[in-house]
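Novice: I'd like to go over a predicted model; first the sequence, then the structure.
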Amino acid sequence: MQANDKTKITSYQADSKRYDNMKYNRTGKSGVRLPAISLGLWHNFGFVDDLKNGRDILRTAFDLGITHLDFANNYGPPPGSAEENFGTIFKQDFKPYRDELFIATKAGYTMWPGPYGDFGSRKYLISSLDQSLKRMGLDYVDVFYHHRPDPDTPLQETMGALADIVRQGKALYVGISNYGPEDTQKAAKLLKGLNVPFILHQARYSMFDRWVEDGLLDTLENHGVGCIAFSPLAQGMLTDKYLKGIPENSRAGNDSVFLNAEMVYSHIEKIKNLNAMAQERGQKLSQMAIAWILRQKQVASVLVGVSSANQLKENVKGLDCLNFSEGELNLIDKIVS
């Protein structure tokens, strides 16, 4: 449903007990605390999706104490539509709660044609955020990320643009995403010199994808920056979805850019063994996978994307069992190696 296809909306009243059970973690050495689980709007919030379902997910998230919502300029499809649909929902449901929300967006991937609609130039970043704010109907975002390193633009220009965005009042904090340890260290030093609050690094992290453990987490700790993990379920492989085959309507069944049948089959024995272990812990595999990431002290939050409110509720139940014994951690390492 497109943003201009609106139906009569009833008034939303947030659950008065929304903060009673959610766990909140300090983000690096900043004053910000994020919910252990945050909601990403990469999928299921574009013009091709059902706006009513998106509203239901957002309401459920906030009622569960999930205050952090994560966007990027190109989320949809089409690009920009997730932010625009959120703007519709925000105006109708969440405007009274703006100061309770921690809203993020990003820029770094192709957003419009021509030489100024991609990567990390000052012109692109500032123009992109202006467009994002307009789509969402916001005066500012809480954190603005550079979405990926730019091999051609000087890092000083990119970080300088982030600094000016904060000084202009368009973002309260800044972050980076998909940067390796060396570039992260350089960015942190530049931003510190500019007296800019750099508080988050968004990185892909799961039991099947552990690159952040090779120096990035240590770098973030040294600079007082928190990590927020995306793709914690390895595009759905760390769930029970593929235990009995590949459903036709799944990402692997549709040969997604990020997941295909061959990838699932190459991991299936690991998935089965991890699922058995999760059951012994009294959890679903997805819940154990989220808990496993949150064991890292540098991780402030795990970013999940869901297609329904019930799926989000199931993910949040993963917070009921966060502790792992040394034996369990060793067994996970053995299974995935």
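Specialist: That came through, no problem.

Novice: List the residues that contact S231.
Specialist: Contact analysis of S231 by Cβ atoms under 8 Å, 6 or more residues apart in numbering lists R204, Y205, S206, D209. Backbone N, C-alpha and C define where each C-beta goes, glycine included.

Novice: Max pairwise distance over those: which two?
Specialist: Of all pairs drawn from the contacts of S231, the widest gap by Cβ to Cβ lies between R204 and S206 and measures 7.4 Å.

Novice: Quick one: distance of stretch 308-317 to the chain centre.
Specialist: For stretch 308-317, the separation from the chain centroid amounts to 15 Å (computed by Cα atoms, centre = their mean, to the nearest Å).

Novice: Next, the buried residues of it.
Specialist: Along stretch 308-317, the positions that meet the burial threshold by neighbour count (16 or more other Cβ atoms under 10 Å) are A309, Q311, L312, E314, N315, V316.

Novice: that older thread, taking the contacts of S231, please make a PyMOL selection of just the buried ones.
Specialist: This is how PyMOL selects the buried members of these, with burial counted by 16+ other Cβ under 10 Å:
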select buried, resi 204+205+206
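
Novice: Mind checking which of the contacts of S231 are in helices?
Specialist: Among these, no member is found in helices (DSSP state H).

Novice: where in the chain is pLDDT low?
Specialist: Low-confidence segments of the chain, defined by pLDDT under 70, are located at 1-10, 245-260.

Novice: Which helix in it has the most residues?
Specialist: Under DSSP H, the chain gives helix 261-280 as its longest helix.

Novice: rewinding a little: which residues are in contact with each of R204 and S206?
Specialist: With contacts defined as Cβ under 8 Å, 6+ apart, the residues adjacent to both R204 and S206 are A229, S231.

Novice: Sketch out the helices for the stretch 101-250 of the chain, chain order is fine.
Specialist: Assigned helices in the stretch 101-250 of the chain, in chain order: 122-136, 155-167, 181-193, 216-222 (criterion: DSSP state H, counting those that start in this stretch).

Novice: Same list (these) but as CSV, adding mean neighbour count and distance to L233.
Specialist: Shown next, in CSV, are those (neighbours: other Cβ atoms under 10 Å; distance: least, Cβ to Cβ, whole Å):
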stretch, mean neighbour count, distance to L233
helix 122-136, 20, 26
helix 155-167, 19, 30
helix 181-193, 17, 24
helix 216-222, 18, 19
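
Novice: Name the residues that touch the longest helix of the chain?
Specialist: Residues from elsewhere that reach helix 261-280, judged by Cβ under 8 Å, 6+ apart: 207-208, 234, 237-238, 240, 242-243, 246, 252-253, 255, 284-285, 287-289, 328, 331-332, 335-336.

Novice: go again using 7 Å as the cut-off
Specialist: Under the criterion Cβ atoms under 7 Å, 6 or more residues apart in numbering, residues 207-208, 237, 240, 242-243, 246, 252, 284-285, 287-288, 331, 335-336 lie in contact with helix 261-280.

Novice: which stretches of the stretch 1-150 of the chain form strands?
Specialist: In chain order, the stretch 1-150 of the chain shows strands spanning 24-26, 33-35, 37-40, 68-70, 102-107, 141-146, with DSSP state E, counting those that start in this stretch as the criterion.

Novice: Residues contacting the fifth one, please?
Specialist: For strand 102-107, the surrounding residues in contact (Cβ under 7 Å, 6+ apart) are 34, 67-73, 83, 124-125, 128-129, 132, 138, 141-147, 177.

Novice: try 6 Å this time
Specialist: Residues outside strand 102-107 that contact it (Cβ atoms under 6 Å, 6 or more residues apart in numbering): 67-73, 125, 128, 132, 141-143, 145, 147.

Novice: Now name the helix or strand holding the residue sitting nearest the centre point of the chain.
Specialist: In the chain, the C-alpha closest to the average C-alpha coordinate belongs to L303, at a distance of 3.8 Å (Cα atoms, centre = their mean). Secondary structure from DSSP states H and E places L303 in strand 299-304.

Novice: Partner strands of that strand, with direction?
Specialist: strand 37-40 (parallel), strand 226-230 (parallel) (DSSP bridges).

Novice: who wins for proximity to Y19 among these?
Specialist: With distances scored as Cβ to Cβ, the stretch of the strands paired with strand 299-304 nearest to Y19 is strand 37-40 (13.8 Å).

Novice: how many neighbours does R210 have?
Specialist: R210: 14 surrounding residues under other Cβ atoms under 10 Å.

Novice: can you pull the contacts of it?
Specialist: R210 neighbours (Cβ under 6 Å, 6+ apart): none.

Novice: How much space separates it from A203?
Specialist: Here R210 is placed at a distance of 11 Å from A203 (Cβ to Cβ, to the nearest Å).

Novice: What of V225?
Specialist: In terms of Cβ to Cβ, V225 sits 11 Å off from A203.

Novice: swap in G87?
Specialist: Computed as Cβ to Cβ, the G87 to A203 distance reads 27 Å.

Novice: Count the residues that sit near F90.
Specialist: 20.

Novice: scratch that, V299 is what I was asking about
Specialist: There are 23 residues near V299, going by other Cβ under 10 Å.

Novice: residues contacting it?
Specialist: For V299, the set of contacting residues under the criterion of Cβ under 6 Å, 6+ apart consists of C227, A229, I293.
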